[in-house]
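Trainee: sequence isn't available, so here's the structure alone:
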């Protein structure tokens with residue numbers, strides 16, 4: 001290997017890696033950057049690497065134009081390039097972190113860990129490393145640390161590249177690459193946060209919590225600490241006299257005083273089905289648990305995240321390589337767990353989501369795909385009854401009610417129609433839909449009769465997974481069966497049918513994100529600012545919101561061709577809370 005001191009020394013490299021060490025994860029100002037590449041054959045003696053100070057950034061930006069550059073997390077390093085004035089469209093990029101995830105969706109993708117795939121051990125540095133380098137402390141060690149990151153990245157690229165081709169993951173890889181840039185821009189833009197509403201809703205939640213606690217005090221004659229399991233159990237099973245639930249442990253029947261969520265939900269359903277007068281106070285207990293979570297998880301944390309940035313916009317980190325199905329996770333803050341239910345029932349202005357607002361003179365457009373999981377199930381299964389209903393534009397849930405002879409209502413059918421795809425047991429369906437267990441079993445039998453294609457799809461998925469070890473989603477992505485999973489046939493059906501549908505839904509959403517990012521690239525009037533579950537949120541200039549809404553709908557409904565139409569119904573709103581009923 002040759003250590004070089006000039007950027008021009010990489011001119012003969014077909015592919016180069018690029019890695020930045022920045023002031024912080026929030027401040028994307030480079031301190032140093034490192035590069036590596038091979039001249040000729042992929043041999044150690046042909047490897048070149050170098051580390052450069054930030055005064056060489058402009059020279060580097062000119063050098064990489066038109067070249068192929070590899071990163072390990074292009075979303076992060078892309079932000080550094082954008083801040084430095086580089087147009088991402090001016091080069092070809094690759095990402096070994098995305099490669100690693102597609103090749104093993106169950107494993108961690110950090111560079112330190114993945115470097116072991118090529119026999120490298122990378123140094124660990126603490127959070128003071130950058131400041132120490134600037135102060136002249138451990139400079140040689142820091143330079144080696146930076147250089148090794150670039151070396152590991154270029155070696156991983158050439159190691160992973162043939163594996164991506166051999167496993168027929170090329171299409172999935174290129175979609176994820178484009179998605180990374182769409183997400184990068186979404187994070188750069190961020191979303192405006194309403195501090196005043198946040199503080200007002202926090203006080204409202206605290207007052208509502210106190211009112212409920214006072215009511216419970218009146219019943220128990222003492223303070224009940226709902227967050228303390230033993231105290232909550234004493235209130236439920238002693239003060240209210242709720243019968244214990246029988247459970248089996250080590251083969252013996254025992255009386256359980258559990259306060260697990262599923263047990264409490266079961267109690268609520270039992271009380272509801274028997275018109276028990278204790279239902280209302282049990283609902284208040286659950287409301288206390290909800291409000292405690294709201295108060296501990298959202299207001300203060302969201303304000304702290306917004307205050308990290310000068311413009312006071314929240315910039316969550318969206319992770320496209322953290323979930324095995326390919327769906328997004330997010331952190332700092334976690335926006336995938338934003339509750340829909342408002343603090344005051346029926347008042348959308350009191351929703352946590354209402355604290356996310358557009359800039360003055362702008363509106364939000366919130367979009368998602370209508371019943372995308374069911375439409376994908378129809379596509380993959382080819383079930384004639386499902387396809388016919390969607391082609392006619394019928395209400396799918398009401399259609400199933402009618403086909404089953406009206407034995408359950410639409411609300412229960414909706415629970416079953418989605419739950420069936422995700423392996424929900426008839427008992428779980430009965431509890432969630434609040435119907436007799438016998439009726440739940442009967443509806444499942446009717447469902448299998450009405451939609452034989454779904455039954456065939458489930459069996460096909462199980463057989464394919466048992467034969468090949470994986471299921472392949474729309475676009476080519478794989479979900480693999482690992483020996484450590486230790487799954488039986490029923491579990492394989494539940495996990496892998498779920499993965500096929502959810503993973504393919506994620507692919508459709510990513511196709512839409514990529515298409516819409518390209519449509520509105522660098523637009524000051526239309527910006528994609530949030531992704532939450534299956535929803536996208538756009539901040540759009542008020543005077544063009546109607547035409548933009550129609551344009552977004554047109555693009556999203558045509559990013560993929562299935563056996564059934566995709567349907568998008570945009571919602572124009574003044575805050576994110578207005579988008580949900």
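Mentor: Received it, and whenever you're ready, just let me know what you need. Note that the structure is predicted; figures quoted are calculated from it, not measured.

Trainee: got the domain boundaries for the chain?
Mentor: As assigned by automatic domain parsing, the chain contains the domains 2-167, 193-312, 315-370+480-581, 372-479.

Trainee: residue 362 against residue 538, yeah?
Mentor: No: between residue 362 and residue 538 there is no contact under C-beta atoms under 8 Å: 9.4 Å. Any C-beta I mention is one placed from the backbone N, CA and C, and that applies to glycine too.

Trainee: now do the strands in the stretch 301-450 of the chain.
Mentor: 313-314, 317-319, 329-331, 356-357, 362-367 (DSSP state E, counting those that start in this stretch).

Trainee: assign residue 226 to helix, strand or coil.
Mentor: At residue 226 the chain is in coil, as set by DSSP: H, G, I helix; E, B strand; the rest coil.

Trainee: where exactly do the helices run in the stretch 451-581 of the chain?
Mentor: 452-468, 489-519, 545-556 (DSSP state H, counting those that start in this stretch).

Trainee: in JSON lines: the ones you listed, plus mean neighbour count.
Mentor: Below are these laid out as JSON lines (neighbours: other C-beta atoms under 10 Å):
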{"stretch": "helix 452-468", "mean neighbour count": "16"}
{"stretch": "helix 489-519", "mean neighbour count": "21"}
{"stretch": "helix 545-556", "mean neighbour count": "17"}
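
Trainee: that older thread, can you say which of the strands of the stretch 301-450 of the chain is nearest to residue 221?
Mentor: Closest to residue 221 of those is strand 356-357 (C-beta to C-beta; 42.0 Å).

Trainee: who does that closest one touch, helix- and strand-wise?
Mentor: strand 191-193 (3 or more C-beta pairs under 8 Å, 6 or more residues apart in numbering; DSSP states H and E).

Trainee: paired strands for the strand it packs on, with orientation please.
Mentor: Strand 191-193 has its sheet partners listed here by DSSP bridges as strand 313-314 (antiparallel), strand 356-357 (antiparallel).

Trainee: mind listing what residue 415 touches?
Mentor: Residues near residue 415 by C-beta atoms under 8 Å, 6 or more residues apart in numbering: 424, 429, 432, 433.

Trainee: and if we set it to 7 Å?
Mentor: 429, 432, 433 (C-beta atoms under 7 Å, 6 or more residues apart in numbering).

Trainee: lowest average confidence across the domains of the chain, which one?
Mentor: If you rank these by mean pLDDT, domain 193-312 sits at the bottom with a mean of 85.

Trainee: gap between the two ends of it?
Mentor: The first residue of domain 193-312 is 7 Å away from its last residue (C-alpha to C-alpha, to the nearest Å).

Trainee: what residues of stretch 222-236 count as buried?
Mentor: The neighbour-count check on stretch 222-236 (16 or more other C-beta atoms under 10 Å) flags 224, 226, 231, 232, 233, 234, 235, 236 as buried.

Trainee: any chance of those residues in TSV with distance to residue 131 as columns?
Mentor: Converted to TSV, the buried residues of stretch 222-236 look like this (distance: C-beta to C-beta, whole Å):
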residue	distance to residue 131
224	49
226	45
231	47
232	47
233	50
234	52
235	52
236	53
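
Trainee: could these go into CSV alongside secondary structure?
Mentor: Output for the buried residues of stretch 222-236, formatted as CSV (three-state DSSP):
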residue, secondary structure
224, coil
226, coil
231, helix
232, helix
233, helix
234, helix
235, helix
236, helix
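
Trainee: just those residues now: which is nearest residue 22?
Mentor: Closest approach between the buried residues of stretch 222-236 and residue 22, by C-beta to C-beta: residue 226, at 43.9 Å.

Trainee: quick one, phi psi at the closest residue to that closest one other than its chain neighbours?
Mentor: Leaving aside its sequence neighbours, residue 226 sits nearest to residue 288 (C-beta to C-beta, 6 or more residues apart in numbering; 4.5 Å). Main-chain torsions, residue 288, degrees, to the nearest 10: phi -60, psi -40.

Trainee: show me what contacts residue 288?
Mentor: Neighbours of residue 288 in contact, by C-beta under 7 Å, 6+ apart: 209, 212, 213, 226.

Trainee: likewise residue 276?
Mentor: Remark: with contacts taken as C-beta under 7 Å, 6+ apart, residue 276 is in contact with nothing.

Trainee: can I take it that it is in a helix?
Mentor: No: remark: residue 276 does not belong to a helix; assigned using three-state DSSP, it is coil.

Trainee: roughly how far apart are it and residue 243?
Mentor: 11 Å (C-beta to C-beta, to the nearest Å).

Trainee: is residue 16 in a helix, a strand, or coil?
Mentor: Residue 16 is classified as strand under three-state DSSP.

Trainee: hmm, back to that, wait, which of the domains of the chain is closest to residue 187?
Mentor: Comparing the domains of the chain by C-beta to C-beta, domain 315-370+480-581 comes nearest, at 5.3 Å.

Trainee: make CSV out of the strands of the stretch 301-450 of the chain and add distance to residue 549 and mean neighbour count.
Mentor: Converted to CSV, the strands of the stretch 301-450 of the chain look like this (distance: least, C-beta to C-beta, whole Å; neighbours: other C-beta atoms under 10 Å):
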stretch, distance to residue 549, mean neighbour count
strand 313-314, 23, 20
strand 317-319, 23, 19
strand 329-331, 25, 16
strand 356-357, 18, 24
strand 362-367, 5, 23
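
Trainee: with respect to residue 43, which of those strands lies nearest?
Mentor: Here strand 317-319 is closest among the strands of the stretch 301-450 of the chain (C-beta to C-beta), at 35.0 Å.

Trainee: strand partners (parallel or antiparallel) of that closest one?
Mentor: strand 329-331 (antiparallel).

Trainee: what sits up against the partner strand?
Mentor: Contacts for strand 329-331 (C-beta under 7 Å, 6+ apart): 316, 317, 318, 319, 322, 323, 336.
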